[in-house]
Every structure is written in structure tokens, then in C-alpha cells.
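**Q** generate a structure from the sequence data that follows.
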Amino acid sequence: MSDPTRRTRGEELLLARISAAAGREGLGRRRATYAAAAHTARTAHAGIRGLLALVRHGAAAGPASGRDAARLDLYENGMTVAVKGRIHIVRYDTTSVFTASVLRTDVLRTDAARPGDAGRAGAARALTDVDGERVVLRPCGGPGPGGAPEWWSEVERGVVRAQLPRALAALAGGERLAFGAVWLTGTEIGWGEVRTRWSRIRRLRTEPGPGPGVFALDIDGTWHEPDIAESGIPNVSVLRALVERLGPGGGAR
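**A** Here you go, the predicted model:
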């Protein structure tokens, strides 16, 4: 009887390729390995419409099939995505992350949808790799009750940990940062017709709620929220962290 924990020759070769690719990019120590489903987009600037198109036509609702099954290896400084014989390398300090929050009964509708799935919220995540190619990731079994798979929390923390210090340094140096339609400096934040100094903000909410908003600001007693879905903003987790630092009580001004 064969040992079920023993790797096949193909698995050994794949692991060797992944380790070599991670080593070349200096991703550091491997932390965890997960299974997921993945598709790729040739154009890194395809925008959210391209992301949603990939979700629509990617058998997103069911378990990962042979053609979209992917292996995710998470490291200290980034991750690798092995799919369709290719290994994509994502660095936390340079990647752009997009989230497409969708409903199974809308964007993710397929013949494989199971009874009771109607209205269950889920999300596809897209990250740019070191070559500028966009990799769209989904849980193997489709969206779960919590929306986000286990591996996503670690990826999100890694991106914030890598990009937040550099963003704070840029703001301290007088630069203006843009996250899609939302922009901010060390003294102001704005989007559309909204523009305010951080000192006028009384309270802030940065936790994502049931609606499409990214965060909400209480400016002189009136709540303002960008009418922008998370899917239209790159690195929304970094943006939220900056708002928390620069907003009331943040002490970063």
C-alpha cells in the first residue's frame, strides 16, 4: 500500500519550481499552502469589468475543476500561484489588489448552483503579479458564509504590512496618493466633490458594511461615504489602514 502523504514525482517537481521562483524573488520563508481556483488576465489594466467577465465565465460557483485548480503558497513577503502549469509570483510590496463582491444568483449564477445558495455573498480577488499580469482567485468551493476564504486574511495582512509604511512615508514627504477615485494627502482626503481636512473629521468607520462603501467619515457632524464599490479601488485594505491612522485619534498627522 502506498503512503498517502508521499508526494508524486509531479508534485515534487512542482514544489521545486515554486521554491525556486520564490527564492529568486526573495519571498522569504514559506508560511502555508492552500488550494484555490484561479484564472489569469493578460492585461493588468483591464479594470473591474474584465475581472467580472473572468468570474462570469470561470465556473466560479462550483469546486475548482482541473483547468482552474490552483495551488497557493504563502510566504513572508509574497505568494506564488501555480495554475495551468504556470507559476505566478506576487510580491506584497508591489501588487495591486482588487475585490469583486458579487452574488451567486447574479454574477456567479451557473447550473451547478446548489439549493439554498441564493443570495449568498462572495468575492473574487484579483492581484497583479511581478510581470503585471492579473491573477483572479476564488475559493475552491465557491463563496462561503463569511465571504472570504481562510488564506485571504493572511494575504491582506501581508499587503498592508508591506505597503503601509511606504505610503505613510510618502504622505509625510508631501506626496498625494490615489486609490482609484479616492485621494489623500497628509492633511486632506477627498473623492468626487468631497474634500476635507483630516482635522474636520470627527469620527470614521473603516470596517466594510453590508453596502458597497469602502469607509464613512463624519465631517463636521455629517456622514459622508464614497459611492464607490470596493471592486473599483486598488488595495482597499491599505486605504482603510491609512484612514485609520490619519483620522480622529490616529496620531499620524
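**Q** and stretch 72-83, what's buried?
**A** Residues of stretch 72-83 classed as buried by neighbour count (16 or more other CB atoms under 10 Å): 72, 73, 74, 75, 77, 78, 79, 80, 81, 82, 83. Placement of C-beta: from N, CA and C, glycine included.
**Q** can you show me the CA trace of it as CSV?
**A** As requested, the backbone C-alpha atoms of stretch 72-83 are provided in CSV (Å, rounded to 0.1, in the frame of the first residue of the first chain):
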residue,chain,number,x,y,z
LEU,A,72,-1.3,29.0,-3.4
ASP,A,73,2.0,29.1,-1.4
LEU,A,74,2.1,32.0,1.0
TYR,A,75,5.5,33.4,2.1
GLU,A,76,6.7,36.1,4.3
ASN,A,77,7.0,38.7,1.5
GLY,A,78,4.5,37.4,-1.0
MET,A,79,2.9,34.4,-2.6
THR,A,80,3.0,32.1,-5.6
VAL,A,81,0.0,30.9,-7.6
ALA,A,82,0.6,27.7,-9.6
VAL,A,83,-2.2,27.3,-12.2
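**Q** who's in contact with it?
**A** The contact list for stretch 72-83 (CB atoms under 8 Å, 6 or more residues apart in numbering) reads 14, 17-18, 21-22, 25-36, 38-40, 68-71, 87-93, 95, 129, 135, 137, 151, 154-155, 158, 162.
**Q** that older thread, inside strands: which ones of the buried residues of stretch 72-83?
**A** Judged by DSSP state E, these include 72, 73, 74, 75, 78, 79, 80, 81, 82, 83 as members of strands.
**Q** wait, residue 246 touches residue 198, no?
**A** Yes: assessed by CB atoms under 8 Å, residue 246 is found in contact with residue 198 at 5.2 Å.
**Q** and residue 237, what does it touch?
**A** Taking CB under 8 Å, 6+ apart, one finds 97, 156, 159, 160 in contact with residue 237.
**Q** among those, who's most crowded?
**A** With neighbours defined as other CB atoms under 10 Å, the most crowded of the contacts of residue 237 is residue 159; it has 25 neighbours.
**Q** isn't there a helix covering it?
**A** Yes: residue state for residue 159 (DSSP: H, G, I helix; E, B strand; the rest coil) corresponds to a helix.
**Q** so how far is residue 157 from the closest residue to it other than its chain neighbours?
**A** The shortest distance from residue 159 to any non-neighbouring residue, by CB to CB, 6 or more residues apart in numbering, is to residue 92 (4.9 Å). The gap separating residue 92 from residue 157 is 9 Å, by CB to CB, to the nearest Å.
**Q** neighbour count: those two, which is higher?
**A** Between residue 92 and residue 157, counted using other CB under 10 Å, the more crowded position is residue 92 (23 against 12).
**Q** what is the strand ranked longest in the chain packed up against?
**A** Scanning the chain for the strand with the most residues, using DSSP E, yields strand 30-41. Strand 30-41 sits against helix 47-56, strand 69-75, strand 78-83, strand 134-138, helix 150-172, with contacts defined as 3 or more CB pairs under 8 Å, 6 or more residues apart in numbering; DSSP states H and E.
**Q** state the mean pLDDT of the first one.
**A** For helix 47-56, mean pLDDT rounds to 41.
**Q** just to revisit the earlier point, which two in the buried residues of stretch 72-83 are spaced the farthest apart?
**A** Across these, the longest distance by CB to CB is 20.5 Å; it joins 77 and 83.
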